[in-house]
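Chemist: When you get a sec, could you give me coordinates for this:
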Amino acid sequence: MKYILTVLLLVPLAALQAANTPSPAVFGYQPNGMLMWDSWFVEDHGQVHMFHLQRLAPGSKRSALEADHIGHAVSRDLIHWTEQPLTVGPGEAGGLDDMQPWTGCAVAREGTFHLFYTMRSSRENARCQRIGLATSRDLVHWSGHSQNPLIRPDARWYVHEGKPEPENKVGCRDLIVVRDPGTDGWLGFYAATAPAEEEAEGACIAAVRSRDLIHWGHLPPVFQPKRYGEVEVPDVFPLGGKWWMTCLTSHGHGNRGGFADPHVVRGTIYATADRPEGPYREPTGDNILLGGDDTSGISVRSVEFEAKRYAFFTEGSRLSPPMEMCATRDGRLQLMWSERQNAWRGASLLGAAPPTPVALRTHGTGAIGGGRWELTPAGTYRGVARTGWQVGDLKVGATNMEVEASLTLASGVAAGLVVRADRQSPHASGDFVIGLDAKDRCAFATRLPMFFPTNRRAFPVEHGRAYRLRLYVRDDRYELFVDDALVLHGAFPGAFRRTDASVGLLVDRGEAVIQRLAIYRQEPGDNPK
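Modeler: Predicted coordinates:
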């Protein structure tokens, strides 16, 4: 694999000198001229290094060869990232890794970075995957290991090169490596396939063990749920006295109905074990860590940093904000709001006196109807609608904003927060509502006035209970935290454009109370040099 260094020398010099180049001022990291996808992380000496896959952004002046390399960025606060020189790229033509390397992991050990990656070859049309290793002491010059590939599927348990599936597919990708607490060695986990008649029966996570990160011995599958078309991009870590495994899957992998929440079409699920080598089993009920419609985030990976475990995922083509990974007392795994997001908080948009809500028409030509919103002398917003729904516009907002509120659905069907496209409009048609529905027991996001289902997650809404909401609206994406747990996230519909945005309040066939309202501008700011 000495040819990796030769290939790197073909990359334009400017790309290799990208160290200490701040990323553009955006919400969530995105490399210059690139769209990113799967990412993975390693902490070293107070910094977090992120490695990621990438592709060219529309209109990019960077080269296709650069896009075929694994990208690299570094951060000291998990919010501001600085792009670094490119790392591993395709090997020489005709080799086992002459195509873009795919997802892997990174380990820092005794001054050397070990970067594992998925090897793919054009001579097999990328249908046979293997796992290789490149190392570096300066994070600029990378050397492929002479024995690559280091990991191939073991014929005792997995579909392998000697006996591929009819489509000639051999799964061996997305390795994640953790310390084995029972030895002085390492455990690895990767996406594989066990022999089976149907794909969902064979989709599994394979396990390997090593003492030196070079020589690996296989174990039987540690996670084989037999109900998902694929399980991929695994992450494995200890938290709250248990070991956890997360995996990505979706309806797009060839089956549906596997998720505990019927609203979810793509999501990251989790399973637990008492020891790192498994076996990992899904808990009963909803075991979706992250999920929703087809705009939901993908490829969750985590890193331990400053005594907490933080998770990241890909939102569209950029990195998500950091979220704290939390193991609950009832054996669940949740993504939680992190105060690190306050780095993007700008000025408050509320004046000294709370704004009075203005009731809107419920559609373009109709009367106001539906109900009413009022501001009480105590500064509480109260909405009542007996037979329909009503939006009260606060006439305050921004294109990018954070809204905090305590919401109580005293009775009725639903209540929530509205992102108004244009505060000058007298009707709610075209606005976007994100709220809680007690009748359907879900959190939902949809476009007014038709309420066509767009994004939903099962959520046990209770009448009379106060829920603390945090709604983030940034560029084309939104995130809803309820009691600091991430409940709903996704992208606004392509037709939704905010020209003079404001915040609205929704009540639907019931009574809702909103207190402790705060609205802040969101500002990406400049990344530190």
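Chemist: quick one: low-confidence parts of the protein?
Modeler: The model of the chain has pLDDT under 70 over residues 1-25, 163-168, 367, 525-529.
Chemist: tell me the SS of the most centrally placed residue in the chain?
Modeler: The residue lying closest to the centre of the chain (C-alpha atoms, centre = their mean) is Phe313, at 2.8 Å. Secondary structure state of Phe313, per DSSP: H, G, I helix; E, B strand; the rest coil, is strand.
Chemist: got the contact list for the helix or strand where Arg470 lies?
Modeler: Using DSSP states H and E, Arg470 falls within strand 466-474. Applying C-beta atoms under 8 Å, 6 or more residues apart in numbering, the contact partners of strand 466-474 are 27-28, 337, 341, 344, 399-408, 417, 419, 434, 436, 461, 478-484, 501, 515, 522. Where you see a C-beta, it was placed from the backbone N, CA and C, and this is true even at glycine.
Chemist: again, 6 Å this time
Modeler: With C-beta atoms under 6 Å, 6 or more residues apart in numbering as the test, strand 466-474 has contacts from 27, 337, 400-408, 417, 419, 479-483, 522.
Chemist: List buried residues within those residues.
Modeler: Buried by 16 or more other C-beta atoms under 10 Å: 27, 337, 400-403, 405, 407-408, 417, 419, 479-482, 522, out of the contacts of strand 466-474.
Chemist: how about the strands in the stretch 401-529 of the chain?
Modeler: Ranges of strands in the stretch 401-529 of the chain, per DSSP state E, counting those that start in this stretch, are 401-420, 432-437, 442-447, 455-458, 466-474, 477-482, 485-491, 502-522.
Chemist: Repeat that for the stretch 101-250 of the chain.
Modeler: According to DSSP E, counting those that start in this stretch, the stretch 101-250 of the chain carries its strands in the segments 102-109, 112-119, 130-136, 143-144, 173-179, 186-193, 203-210, 217-223, 232-239, 242-250.
Chemist: With respect to Gly366, which of those strands lies nearest?
Modeler: Closest to Gly366 of these is strand 242-250 (C-beta to C-beta; 39.3 Å).
Chemist: Report the angle between the next helix or strand after the closest one and strand 242-250.
Modeler: Sequence-wise, the next helix or strand downstream of strand 242-250 (DSSP H and E) is strand 266-273. Angle of strand 266-273 versus strand 242-250, following axes from the mean of the first three to the mean of the last three C-alpha atoms, to 10 degrees, is 150 degrees.
Chemist: Can you show me the CA trace of the helix or strand that strand 266-273 is followed by as PDB?
Modeler: For strand 266-273, the following helix or strand on the C-terminal side (DSSP H and E) is strand 288-292. Written as PDB, here are the backbone C-alpha positions of strand 288-292 (Å, rounded to 0.1, in the frame of the first residue of the first chain):
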ATOM      1  CA  ILE A 288     -35.000   4.600  17.900                       C
ATOM      2  CA  LEU A 289     -32.200   7.000  18.900                       C
ATOM      3  CA  LEU A 290     -32.600   9.300  15.800                       C
ATOM      4  CA  GLY A 291     -35.200   9.000  13.100                       C
ATOM      5  CA  GLY A 292     -38.100  10.500  11.200                       C
END
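Chemist: Can you tell me which helices and strands strand 288-292 packs against?
Modeler: Applying 3 or more C-beta pairs under 6 Å, 6 or more residues apart in numbering; DSSP states H and E, one finds that strand 288-292 makes contact with strand 266-273.
Chemist: picking that back up, single out the most deeply packed of the strands of the stretch 101-250 of the chain.
Modeler: Stretch with highest mean neighbour count among these: strand 186-193 (a mean of 26; mean count of other C-beta atoms under 10 Å).
Chemist: Quick one: list the elements packing against that strand.
Modeler: strand 173-179, strand 203-210, strand 232-239.
Chemist: which residues touch the second one?
Modeler: Contacts of strand 203-210 from elsewhere in the structure, counted by C-beta under 6 Å, 6+ apart, are 158, 185-190, 192, 194, 216-219, 221-224, 228, 230-231, 234.
Chemist: ok, now with 7 Å
Modeler: Under the contact criterion C-beta atoms under 7 Å, 6 or more residues apart in numbering, strand 203-210 has outside partners 151, 153, 158, 180, 185-194, 216-219, 221-224, 228-231, 234, 245, 247, 277-278.
Chemist: Check which strands are paired with it and give the direction for each one.
Modeler: strand 186-193 (antiparallel), strand 217-223 (antiparallel) (DSSP bridges).
Chemist: again with the last one
Modeler: Each strand paired with strand 232-239, and its direction, by DSSP bridges: strand 242-250 (antiparallel).
Chemist: what angle separates the strand it pairs with from strand 288-292?
Modeler: With the same axes, to 10 degrees applied, the angle from strand 242-250 to strand 288-292 works out at 20 degrees.
Chemist: Strand 173-179 and strand 242-250, what's the angle between them?
Modeler: For strand 242-250 against strand 173-179, the angle by the same axes, to 10 degrees is 170 degrees.
Chemist: Nothing else from me, thank you.
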